[in-house]
Structure formats: structure tokens, C-alpha cells
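[1] got a sequence here, can you model it:
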Amino acid sequence: MDEQQVFEKRNSLLKIIALAGYLYEKAEREGSEHPLYVI
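    Numbering: from 1, shown residues only. Sure thing, here's the model as predicted:
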């Protein structure tokens, strides 16, 4: 696996983590009792 592939893989992983974190916080703000179910 070359450097470009490693970079792209890490980038997409960070996007997924950021999205999951965003959805989690959004659900918590809206007072959901089970914020993890939203993801």
C-alpha cells in the first residue's frame, strides 16, 4: 500500500469518526435517551 492509499484511508476514517461524533452530540442536545441508536 503506497502513501497515497494510506492517506486516503486515514482521511475517510477521520470523516466517519467526525460524523459519528456530530450525530452523537446532536442526539444528546435533542435529549434523546439513547443517543447511540441514532448512529
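[2] please make it C-alpha for all contacts and neighbour counts, starting now.
    Noted.
[3] all helices for the chain, in order.
    3-29 (DSSP state H).
[4] below-threshold pLDDT in it: ranges please.
    Within the chain, the stretches with pLDDT under 70 are 32-39.
[5] need the phi and psi values for the residue in it sticking out farthest from the centre.
    The outermost residue of the chain relative to its centre, with distances by CA atoms, centre = their mean, is residue 2 at 24.8 Å. Per-residue torsions, residue 2: phi -80, psi 180 (degrees, to the nearest 10).
[6] that one and residue 12, how far apart?
    Separation of residue 2 from residue 12 (CA to CA, to the nearest Å): 16 Å.
[7] could you export stretch 6-24 as PDB, keeping only the C-alpha atoms?
    Output of stretch 6-24 as PDB, limited to C-alpha atoms (Å, rounded to 0.1, in the frame of the first residue of the first chain):
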ATOM      1  CA  VAL A   6      -2.700   5.200   3.400                       C
ATOM      2  CA  PHE A   7      -3.600   8.900   3.400                       C
ATOM      3  CA  GLU A   8      -7.000   8.400   1.700                       C
ATOM      4  CA  LYS A   9      -7.800   5.500   4.100                       C
ATOM      5  CA  ARG A  10      -7.000   7.600   7.100                       C
ATOM      6  CA  ASN A  11      -8.900  10.600   5.700                       C
ATOM      7  CA  SER A  12     -12.100   8.600   5.200                       C
ATOM      8  CA  LEU A  13     -11.800   7.100   8.700                       C
ATOM      9  CA  LEU A  14     -11.500  10.600  10.200                       C
ATOM     10  CA  LYS A  15     -14.600  11.700   8.300                       C
ATOM     11  CA  ILE A  16     -16.600   8.700   9.700                       C
ATOM     12  CA  ILE A  17     -15.400   9.400  13.200                       C
ATOM     13  CA  ALA A  18     -16.300  13.100  12.900                       C
ATOM     14  CA  LEU A  19     -19.700  12.300  11.500                       C
ATOM     15  CA  ALA A  20     -20.400   9.800  14.300                       C
ATOM     16  CA  GLY A  21     -19.300  12.400  16.900                       C
ATOM     17  CA  TYR A  22     -21.500  15.000  15.300                       C
ATOM     18  CA  LEU A  23     -24.600  12.700  15.300                       C
ATOM     19  CA  TYR A  24     -23.900  11.700  18.900                       C
END
